[in-house]
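# below are the sequence and a predicted model for it; my questions follow.
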Amino acid sequence: MLRKILIALAAVIVVLLVVIATRPGTFRVERSTRIAAPPDVVFGLVNDFHAWDRWSPWAKLDPSMKLEIGGTSTGAGTGATYHWVGNDKVGEGKMLITDSRPGQKVAIRLEFLRPMAQVNQIDFTFRPETAGTQVNWAMTGENNFMGKAFSLFADMDAMIGKDFEKGLAGMRTAAETEVKRRAEATAAATSTPPASPNVTEPAEPAK
């Protein structure tokens with residue numbers, strides 16, 4: 001009897017391994033939104049790692065997260081790096097901007113160090129529209145055996161896509177707030193203060 005149970009268990013394991021092995025070897029998660037701001041404003045929020053704190057869906061998950069931005073003198077543009085170390089919610093990882101085209105695209109190499117090692121590709125693209133900018137955020141990567149097994153029990157697109165949607169909403173708020181701030185600054189700089197009324201001093205009485 002025990003022998004039959006072991007054979008059946010082995011058969012189940014073999015079937016499970018075959019199913020896992022036949023899962024897709026790559027994945028792609030993608031979300032888009034429209035933002036009422038010009039491409040240069042939205043681009044700046046992504047191209048400058050210092051600005052990520054204003055919209056990133058992961059920035060507030062660990063108040064004690066250690067963050068190091070470098071790679072370039074400004075922490076922005078091709079070559080800029082972003083290294084974080086945090087709690088179990090954010091783990092540890094690194095980002096490197098590999099391609100930066102003003103107002104058009106930012107490509108990033110994303111490397112997770114823990115809890116699970118993984119290297120993914122991130123692409124932000126920006127397309128001008130009459131009402132502002134169409135922003136597209138995509139992540140692609142390889143599915144190793146553990147990734148394939150994980151995909152049997154969890155929908156990666158739904159999980160990560162939810163964070164992308166939250167991040168894009170934060171980006172929209174930050175960009176539209178910046179547009180408003182610029183408009184107010186321009187209006188203040190170009191406004192003409194009211195002219196002082198002409199006041200005629202009364203003539204002194206003749207002596």
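Right, received. Where do you want to start? Numbers count the residues shown, from 1 in each chain.
# could you pick out the longest helix of this protein?
When the chain is parsed with DSSP state H, its longest helix is helix 156-190.
# that one packs against which elements?
In terms of contacts (3 or more Cβ pairs under 8 Å, 6 or more residues apart in numbering; DSSP states H and E), helix 156-190 is packed against strand 26-35, helix 39-47, strand 132-142. From N, CA and C alone the C-beta is placed, and that goes for glycine too.
# and those as JSON lines, adding distance to R109?
Output for these, formatted as JSON lines (distance: least, Cβ to Cβ, whole Å):
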{"stretch": "strand 26-35", "distance to R109": "16"}
{"stretch": "helix 39-47", "distance to R109": "14"}
{"stretch": "strand 132-142", "distance to R109": "11"}
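# quickly compare those and say which is most buried.
Ranked by mean neighbour count under mean count of other Cβ atoms under 10 Å, the helices and strands packed on helix 156-190 are led by helix 39-47, which reaches a mean of 22.
# buried residues in the very next helix or strand once past that helix?
Sequence order places strand 66-70 as the next helix or strand after helix 39-47, per DSSP states H and E. Neighbour-count burial for strand 66-70 flags I69 (criterion: 16 or more other Cβ atoms under 10 Å).
# so for strand 66-70, mean pLDDT?
Regarding strand 66-70, the rounded mean pLDDT is 95.
# list the buried residues of stretch 70-83.
For stretch 70-83, using 16+ other Cβ under 10 Å, the buried residues are G71, T72, G75, A76, G77, A80, T81, Y82, H83.
# is it correct that the first one is in contact with M95?
This points to G71. No - counting by Cβ atoms under 8 Å, G71 does not reach M95; the two are 9.6 Å apart.
# sorry, back to before: show me which pair in the buried residues of stretch 70-83 is furthest apart.
For the buried residues of stretch 70-83, the farthest-apart pair by Cβ to Cβ is G77 and H83; their separation is 16.8 Å.
# pLDDT value on the residue most central in space within the chain, please?
Nearest residue to the geometric centre of the chain (Cα atoms, centre = their mean): S56, 5.2 Å. Looking at S56, its pLDDT is 94.
# tally of neighbours for the nearest residue to it once chain neighbours are set aside?
Nearest residue to S56, sequence neighbours excluded (Cβ to Cβ, 6 or more residues apart in numbering): G167, at 6.0 Å. Using other Cβ atoms under 10 Å, G167 has 19 other residues around it.
# sweet, I'm off.
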